[in-house]
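Q: no FASTA, just this:
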């Protein structure tokens with residue numbers, strides 16, 4: 001009875017913990033998802049406000065550029081500037097007042113058409129000829145950078161300056177006037193450069209647009225490329241670093257500039273949304289900061305609701321878990337224990353379920369035991385089939401080498417007979433018989449490195465009978481490598497590949513160097529076949545390496561692919577083949593074979 005109670009409570013506690021953990025995870029995911037949706041909605045709303053403000057600022061800047069363009073195309077202005085270029089200094093002094101009167105009429109007509117403009121200036125090169133303001137303001141003649149004037153003369157579009165300050169000449173106590181300058185090239189009828197027109201637009205025109213959306217929890221600033229504030233409702237912030245005003249680090253500010261928006265959430269305070277957008281054609285950015293108190297309130301309400309739902313679901317979970325724990329019995333727990341042992345790989349002794357009685361649990365146990373018997377039989381059958389298939393695949397790949405070599409050798413013997421070199425053909429046949437005696441190896445699949453090198457040496461002797469002037473070879477092996485067991489016909493196909501594809505077409509002798517040595521660290525074997533033949537073209541080398549990875553032949557190097565497939569089947573991932581080659585220089589095949597139990 002005590003055992004049943006213990007099992008009951010274990011099941012109850014386990015079920016309760018798992019279910020509550022699942023509910024907590026579900027609650028966390030839902031809370032995160034709903035919070036994200038609310039945040040996205042609020043951010044999208046404020047982003048629409050920022051986009052609308054951005055369009056208003058762009059419209060105002062475009063409107064000002066149109067004024068500058070309109071004035072640069074004024075016929076009277078162009079004519080007077082053309083006359084100026086033709087005047088001598090004496091004539092300019094004489095006609096200066098009359099020309100300035102014409103420029104004043106043009107300026108008054110432009111400035112008094114809108115309250116946004118503060119003044120107009122005319123430059124020739126870096127020299128100011130004329131300026132007019134609708135109030136008693138003045139500015140330094142070098143206020144417009146010479147580089148800006150020069151740049152304006154090099155292109156047709158209007159250029160904007162940073163924030164400028166005008167001085168009031170009527171009173172020292174009056175506040176300064178903040179303006180921006182739009183610089184536009186003035187051209188003659190023939191396209192010649194006559195000068196530049198400078199239109200001063202009030203900073204307040206932009207700050208009025210920004211102020212429409214400014215509230216206690218939301219501020220917007222217009223900044224230049226250097227991050228200095230050039231327009232704001234609070235004039236004391238002008239020329240200040242916007243990062244200081246917004247309490248942002250350099251990294252956070254750059255992230256906001258690049259992504260267009262950034263949401264900072266700090267524990268214990270409302271989220272803060274930062275928005276950034278570029279004002280087209282000016283190089284300025286509109287930066288906004290909004291404290292999302294309404295978002296914080298909505299998230300708090302959501303969390304409260306989700307907590308209530310979690311408490312309700314947790315209570316129901318406890319009731320259901322208690323009901324389930326009362327219904328389960330010890331045989332079920334024993335059956336689960338057997339299943340878990342089998343699942344974890346402890347079925348070497350063929351674990352089975354032993355029910356204590358009859359009934360549903362007894363029938364379930366018997367069916368489970370019969371099922372496991374069938375599973376064990378199937379697993380053993382699959383293991384034996386895979387083992388036999390692996391063995392057959394190796395033998396099949398190994399058998400493919402012999403007909404391939406026989407085809408090439410018989411072709412050589414046929415050529416000797418056609419050339420009436422019967423004694424050499426007879427000796428070739430004898431060498432062929434010797435080669436096959438060694439390669440068959442009385443049915444053995446694995447031979448020593450020494451035997452494989454003897455087989456390869458016999459093959460090369462056979463080949464040299466006809467091409468002695470084209471081929472020279474050297475074979476070496478250290479003593480520890482001589483007894484290393486490897487699959488037969490491992491080295492010979494690589495040598496045959498050299499003879500088939502590596503000889504130079506100009507008849508130059510090809511030297512083949514074959515080495516076999518033990519790797520002292522891994523106790524494996526390293527076999528290399530190197531030649532100074534024609535090498536492999538980079539494109540073909542890439543295809544050959546790809547063939548080794550995929551097992552699909554992308555070139556005509558049958559022997560190389562065959563050797564690689566056989567050794568991969570026998571050694572697995574511990575084996576690998578490397579191919580090095582430089583066209584018209586050398587080719588080197590390297591085999592890295594691990595040590596196996598048959599060593």
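A: Done, it's in. None of these values were measured; they are calculated from a predicted model. Residues are numbered from 1 along each chain as shown.
Q: List of residues touching stretch 153-162?
A: Applying CB atoms under 8 Å, 6 or more residues apart in numbering, the external contacts of stretch 153-162 come out as 61, 65, 68-69, 144-145, 148, 151-152, 180-185, 193, 196, 224, 228, 230, 281-284. (C-beta placed from N, C-alpha, C; glycine too.)
Q: ok, now stretch 122-138?
A: Contact partners of stretch 122-138, identified using CB under 8 Å, 6+ apart, comprise 77, 81, 84, 100, 103-104, 107-108, 111-112, 117-121, 139, 141, 144, 146, 149-150, 166-170, 177, 194-198, 200.
Q: so what's the nearest residue to residue 63 once chain neighbours are set aside up against?
A: Of all residues not flanking residue 63 in the chain, residue 116 sits nearest, at 7.7 Å (CB to CB, 6 or more residues apart in numbering). Contact analysis of residue 116 by CB under 8 Å, 6+ apart lists 60, 63-64, 201-202, 205.
Q: can you list the domains in this structure?
A: 73-207, 386-593 (automatic domain parsing).
Q: okay if I get those as JSON lines plus mean pLDDT?
A: Formatted as JSON lines, those follow (pLDDT from 0 to 100):
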{"stretch": "domain 73-207", "mean pLDDT": "81"}
{"stretch": "domain 386-593", "mean pLDDT": "81"}
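Q: Now do the helices in the stretch 301-450 of the chain.
A: With DSSP state H, counting those that start in this stretch, the ranges of helices along the stretch 301-450 of the chain come out as 330-343, 360-418, 422-440, 449-467.
Q: For the shortest one, what does the pLDDT average out to?
A: This means helix 330-343. For helix 330-343, mean pLDDT rounds to 69.
Q: Could you pull up phi and psi at the residue of the chain positioned farthest from its centre?
A: Here the chain reaches farthest from its C-alpha mean at residue 94, the gap being 71.1 Å by CA atoms, centre = their mean. Per-residue torsions, residue 94: phi -70, psi -40 (degrees, to the nearest 10).
Q: now swap in residue 179 and tell me
A: As for residue 179, its main-chain torsions (degrees, to the nearest 10) stand at phi -140, psi 160.
Q: what do you get for the one 3 residues further on?
A: When quoted as degrees, to the nearest 10, the phi and psi of residue 182 stand at phi -110, psi 120.
Q: Which residues are in contact with the closest residue to residue 310 other than its chain neighbours?
A: Sequence neighbours aside, residue 27 is the residue nearest to residue 310 in space, at 4.9 Å (criterion: CB to CB, 6+ apart). By CB under 8 Å, 6+ apart, residue 27 lies in contact with 306, 309-310.
Q: Cross-reference the residues you listed with the strands and report the matches.
A: Using DSSP state E, no member of the contacts of residue 27 falls in strands.
Q: Residue 67 against residue 110, yeah?
A: Yes - using CB atoms under 8 Å, residue 67 is in contact with residue 110, at 6.3 Å.
Q: circling back: what would the domains of the chain look like in JSON lines with distance to residue 17?
A: JSON lines is the format used below for the domains of the chain (distance: least, CB to CB, whole Å):
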{"stretch": "domain 73-207", "distance to residue 17": "61"}
{"stretch": "domain 386-593", "distance to residue 17": "42"}
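Q: and of the ones you listed, who's closest to residue 321?
A: domain 386-593 (44.7 Å; CB to CB).
Q: shared neighbours of residue 67 and residue 110, anything?
A: 117, 199.
Q: Direction included, what does the helix or strand containing residue 514 pair against?
A: Residue 514 belongs to strand 510-518 when assigned by DSSP states H and E. Partners of strand 510-518 in the sheet, by DSSP bridges, are strand 471-477 (parallel), strand 525-531 (antiparallel).
Q: Touching that strand from outside, list them.
A: With CB under 8 Å, 6+ apart, strand 510-518 has contacts from 449, 453, 456, 460, 470-478, 480-482, 484, 491, 495, 498, 502-504, 524-533.
Q: By neighbour count, sort out the buried ones in those.
A: For the contacts of strand 510-518, a burial check counting by 16 or more other CB atoms under 10 Å picks out 449, 453, 456, 460, 470-471, 473, 475, 477, 481, 484, 491, 495, 498, 502-503, 524-525, 527-533.
Q: re earlier: distance to residue 407, secondary structure and neighbour count for the contacts of residue 116 - can I get that in CSV?
A: As requested, the contacts of residue 116 are exported to CSV (distance: CB to CB, whole Å; DSSP: H, G, I helix; E, B strand; the rest coil; neighbours: other CB atoms under 10 Å):
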residue, distance to residue 407, secondary structure, neighbour count
60, 86, helix, 17
63, 87, helix, 13
64, 87, helix, 25
201, 90, strand, 24
202, 94, strand, 20
205, 91, helix, 21
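Q: Now for those: which two are most distant?
A: The widest separation within the contacts of residue 116 (CB to CB) is 12.6 Å, between 63 and 202.
Q: State the number of residues packed around residue 133.
A: Applying other CB atoms under 10 Å, we find 20 residues neighbouring residue 133.
Q: bridging residues for it?
A: Bridge pairing for residue 133 - DSSP bridges - gives residue 119.
Q: can you tell me how far the residue farthest from the centre of the chain sits from residue 182?
A: 32 Å (CB to CB, to the nearest Å).
Q: Name the residues that touch stretch 463-480?
A: So stretch 463-480 is contacted by 412, 415-416, 424, 427-428, 431, 449-450, 453, 456-457, 460, 495, 499, 503, 507, 509-518 (CB under 8 Å, 6+ apart).
Q: Tell me the buried residues within these.
A: Counted by 16+ other CB under 10 Å, the contacts of stretch 463-480 give 412, 416, 424, 428, 431, 449, 453, 456-457, 460, 495, 499, 503, 510, 512-518 as buried.
Q: hmm, back to that, what's the separation between the residue farthest from the centre of the chain and residue 102?
A: Residue 94 is 15 Å from residue 102, by CB to CB.
Q: same check, this time on residue 144
A: From residue 144 across to residue 102, the span is 22 Å (CB to CB).
Q: who's more crowded, these two?
A: residue 144 (23 against 16).
Q: what kind of secondary structure is the more buried one in?
A: Secondary structure, DSSP: H, G, I helix; E, B strand; the rest coil: residue 144 is coil.
Q: residues contacting it?
A: For residue 144, the contact set (CB under 8 Å, 6+ apart) comprises 121, 123, 161, 181, 183, 198.
Q: can you check residue 432 too?
A: Counted by CB under 8 Å, 6+ apart, residue 432 has contacts 409, 413, 462.
Q: Swap in 6 Å and give it another go.
A: residue 409 (CB atoms under 6 Å, 6 or more residues apart in numbering).
Q: Show me how far the helix or strand where residue 36 lies is from its chain's centre.
A: Per DSSP H and E, residue 36 falls inside helix 2-72. In terms of CA atoms, centre = their mean, to the nearest Å, the gap separating the centre of helix 2-72 from the centre of its chain is 25 Å.
Q: can you give me the mean pLDDT across that helix?
A: 75.
Q: separation between the nearest residue to residue 241 once chain neighbours are set aside and residue 521?
A: Among residues not flanking residue 241 along the chain, residue 227 sits closest, at 5.8 Å (CB to CB, 6+ apart). Using CB to CB, one gets 59 Å for the distance from residue 227 to residue 521.
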